[in-house]
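S.K.: Sharing a sequence plus its predicted fold:
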Amino acid sequence: MTGPWSIPGAPDGGEARAPTAALLTMVLVIATAGLVYELVMAAVASYVLGDSVTQFSIVIGVYLSALGLGAYASRFVERRLALTFVDVELATALVGGLSAPALFFAFGFTGAFRLVLYSIVVTVGALVGLELPLLIRILERELSFKELIARALTFDYAGALVGSLAFSLLLVPHLGLVHTSIACGLLNGIVALASTWLLAGRTGTQRRSMARARVRAVLVLLVLLVFFFEGGRLRKVSESAMYPGPMLLAEQSPYQRIVVARRGAGFQLFLNGNLQFSSADEFRYHEALVHPAMAAAREHRRVLVGGGGDGLAVREILEWPGVQSVTLVDLDRRMTSLARHSPLLTGQNHRSFSDPRVHIVNADALVWFGTSRDKFDVVLLDFPDPTNYSLGKLYSRRFYKLAAARLASDGAMVVQSTSPMFARDAFWCVTHTLQSVGLSTLPYHVFVPSFGEWGYVLARHHAGPQPTRLPPAPLRYLDRDTLRALFDFPPDMSERPTRLNRLDNQALVAYYLGAWARWN
């Protein structure tokens with residue numbers, strides 16, 4: 001329906017005529033923006049606090065409750081519905097649009113991140129909760145109740161679908177979280193500005209009120225445009241407090257925030273704020289990850305790496321003679337591209353991804369391991385720590401069964417397994433989960449200054465001795481004596497019983513987050 005309808009604009013009863021399609025389009029736009037604000041705030045909380053499931057569930061729960069508060073508060077708006085709607089849109093544009101930069105600043109420069117987070121969540125939720133009831137009351141004089149509810153809710157739910165798809169497929173991959181929230185603020189500002197004409201009313205009082213609201217809308221849009229064009233600088237300033245030194249590289253991929261920051265004479269790589277390696281001591285981690293498994297396998301002609309998108313594990317693999325092919329499966333194409341082309345990373349990984357023996361597959365490891373039928377002499381699983389369920393699945397019994405099926409009968413597999421000291425239950429959970437799929441395990445650990453004591457689990461189809469060989473090229477850390485010592489565990493890191501990590505319980509994520517929360 002595109003015909004005219006009446007808008008009650010002021011207590012004197014003056015009315016204006018406006019197309020229904022325009023107002024229903026507004027419903028679609030504000031629903032889209034409202035859903036994106038919710039996802040942005042949850043994503044920021046997950047980014048800086050970890051545990052995405054917890055952060056998303058709490059933020060979404062609080063946000064939905066705040067929607068109810070806003071909807072209830074709309075009953076107290078008795079007069080000047082159109083003008084109130086415009087001002088609610090402008091407030092939503094400012095608070096929602098600036099939510100992401102405000103949250104990053106709060107995390108970097110205050111100790112009250114959670115207070116700021118939930119204050120913004122409640123404020124934005126209440127404002128968004130006001131929008132639809134006000135529009136419905138504006139529409140109610142022209143449409144029957146049945147038509148009004150059906151059309152308004154249809155466009156509202158359609159907007160939620162548009163917002164959810166746009167957030168994950170378009171906005172965050174191309175704009176990042178800061179620009180995404182500001183862009184949605186601009187949408188609310190545009191709706192407010194358009195409403196000053198569509199809902200202007202017929203009387204002089206109404207028109208003057210809307211003219212003043214129009215000026216406010218233009219000012220809000222100008223403010224948001226300034227923030228949008230300065231968003232890159234805002235993000236750098238807010239993120240700078242999260243890292244040990246100046247950011248040398250910052251990229252937003254569809255899956256994660258990739259940051260390389262200066263650290264003394266070297267640099268560090270962070271994914272979603274979590275340290276992945278420090279150039280000063282990563283050789284300890286990667287030598288310990290790669291060489292015991294390479295030595296334990298009878299052959300190492302074909303090597304499979306899960307994760308390891310920085311190319312550092314592949315660098316160590318290529319030290320062994322007889323390596324004919326290395327297949328690396330990493331989800332994030334942007335990460336592997338940076339490892340291949342960024343001078344910072346290629347200097348560290350010795351251009352390992354440019355070696356013709358290396359084949360990169362950008363795919364979900366759980367899916368790829370399940371569809372591949374190839375066998376490999378060595379399998380290295382170098383995934384990020386299980387900070388959330390999407391990563392925890394890569395340490396699950398289901399995944400280890402798939403990985404074991406890719407391992408040759410006389411081959412060896414290694415799993416980076418977090419810290420046996422700081423996350424002791426998590427470490428032994430990985431070990432027990434590997435054992436549950438029929439693999440024989442040899443846990444070991446190494447001290448990496450940037451991380452502390454770090455753990456790995458060597459796994460084979462059949463029990464075997466501790467590895468003693470090393471590649472012919474000299475290493476920076478490992479020698480025969482050091483290699484032998486890796487497999488000795490002091491009492492404070494010794495084995496204790498744990499649950500298995502399954503897809504349906506994700507016990508490892510709970511162990512990991514609980515342990516690190518105590519240390520942090």
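M.R.: Great, that's in hand. Numbers count the residues shown, from 1 in each chain.
S.K.: can I assume Gly322 sits in a strand?
M.R.: No - Gly322 sits outside any strand when classified using DSSP: H, G, I helix; E, B strand; the rest coil, being coil.
S.K.: I'd say it and Arg301 touch.
M.R.: Yes - between Gly322 and Arg301 a contact is recorded at 6.0 Å, counting by CB atoms under 8 Å. Placement of C-beta: from N, CA and C, glycine included.
S.K.: Looking at those two, which is more packed in?
M.R.: Neighbours per residue (other CB atoms under 10 Å) separate Gly322 from Arg301, with Arg301 holding more: 14 against 9.
S.K.: Now that one: closest residue in space that isn't a chain neighbour?
M.R.: Sequence neighbours aside, Gln324 is the residue nearest to Arg301 in space, at 4.5 Å (criterion: CB to CB, 6 or more residues apart in numbering).
S.K.: residues in contact with that neighbour?
M.R.: Contacts for Gln324 (CB atoms under 8 Å, 6 or more residues apart in numbering) come out as Arg301, Arg302, Arg357.
S.K.: who touches the residue nearest the centre of the chain in this structure?
M.R.: Using CA atoms, centre = their mean, the residue of the chain that lies closest to the mean C-alpha position is Gln256, 5.1 Å off. Gln256 sits next to Leu271, Asn272, Asp332, Met335 when contact means CB under 8 Å, 6+ apart.
S.K.: now do 7 Å
M.R.: Leu271, Asn272, Asp332 (CB atoms under 7 Å, 6 or more residues apart in numbering).
S.K.: In these, which has the lowest confidence score?
M.R.: On pLDDT alone, Asn272 ranks lowest of the contacts of Gln256, at 81.
S.K.: any idea how far Ala45 is from that residue?
M.R.: 12 Å (CB to CB, to the nearest Å).
S.K.: more neighbours, the two?
M.R.: Neighbour totals were compared for Asn272 and Ala45, and Ala45 leads with 24 against 19 (other CB under 10 Å).
S.K.: circling back to that earlier point, so what does the residue nearest to Arg301 look like in phi/psi?
M.R.: Dihedral pair for Gln324: phi -100, psi -30, per degrees, to the nearest 10.
S.K.: picking up where we left off before, in strands only, show me the contacts of Gln324.
M.R.: Residues from these lying in strands, with DSSP state E as the criterion: Arg302.
S.K.: Redo the contacts of Gln324 as TSV? Include pLDDT and distance to Glu287.
M.R.: Shown next, in TSV, are these (pLDDT from 0 to 100; distance: CB to CB, whole Å):
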residue	pLDDT	distance to Glu287
Arg301	96	21
Arg302	98	21
Arg357	97	20
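S.K.: closest to Leu171 among the contacts of Gln324?
M.R.: Taking CB to CB as the measure, Leu171 lies nearest Arg357 of the contacts of Gln324, at 38.4 Å.
S.K.: Next up, the contacts around the closest one.
M.R.: Val323, Gln324, Ser325, Val326.
S.K.: hmm, 6 Å instead?
M.R.: Listed by CB atoms under 6 Å, 6 or more residues apart in numbering, the contact set of Arg357 reads Ser325, Val326.
S.K.: Using CSV, write down the CA coordinates of stretch 430-448.
M.R.: Output in CSV follows, covering the C-alpha atoms of stretch 430-448 (Å, rounded to 0.1, in the frame of the first residue of the first chain):
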residue,chain,number,x,y,z
VAL,A,430,43.4,-32.1,25.6
THR,A,431,45.6,-35.1,26.4
HIS,A,432,42.7,-37.2,27.6
THR,A,433,40.5,-36.3,24.6
LEU,A,434,43.3,-37.4,22.3
GLN,A,435,43.6,-40.7,24.2
SER,A,436,39.8,-41.2,23.9
VAL,A,437,40.1,-41.6,20.1
GLY,A,438,42.7,-44.4,20.4
LEU,A,439,45.9,-42.4,20.2
SER,A,440,48.9,-42.9,22.3
THR,A,441,50.1,-39.7,23.8
LEU,A,442,53.3,-38.1,25.1
PRO,A,443,52.7,-34.7,26.8
TYR,A,444,55.5,-32.2,27.0
HIS,A,445,56.1,-28.5,27.7
VAL,A,446,58.5,-25.7,27.1
PHE,A,447,59.1,-22.3,28.7
VAL,A,448,58.4,-19.4,26.4
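S.K.: what is the rounded mean pLDDT of that stretch?
M.R.: 97.
S.K.: can you list contacts of that stretch?
M.R.: So stretch 430-448 is in contact with 281, 284-285, 288, 395, 397, 400-401, 404, 415, 417, 420, 453-460, 463, 486-487, 498, 500-501, going by CB under 6 Å, 6+ apart.
S.K.: before we move on, what about stretch 296-305?
M.R.: Contact with stretch 296-305 is made by 294, 313, 317, 320, 322-328, 376-380, 410-412, 467, as judged by CB under 6 Å, 6+ apart.
S.K.: Tell me which entries of those lie within helices.
M.R.: Secondary structure from DSSP state H places Met294, Ala313, Ile317 of those in helices.
S.K.: how close does the first one sit to Leu318?
M.R.: From Met294 over to Leu318 the distance is 11 Å, taken as CB to CB.
S.K.: So if I had to pick from the two, which one is more boxed in?
M.R.: Met294 (25 against 20).
S.K.: on that earlier part again, what is the nearest of the contacts of Gln256 to Trp519?
M.R.: Set against Trp519, the nearest of the contacts of Gln256 by CB to CB is Asn272 (19.0 Å).
S.K.: Quick check: phi and psi at that closest one.
M.R.: Taking degrees, to the nearest 10, you get phi 50, psi 40 for the backbone angles of Asn272.
S.K.: which residue sits closest to it, ignoring its sequence neighbours?
M.R.: Spatially, and ignoring its direct neighbours in sequence, Asn272 is nearest to Gln256 (4.9 Å; CB to CB, 6+ apart).
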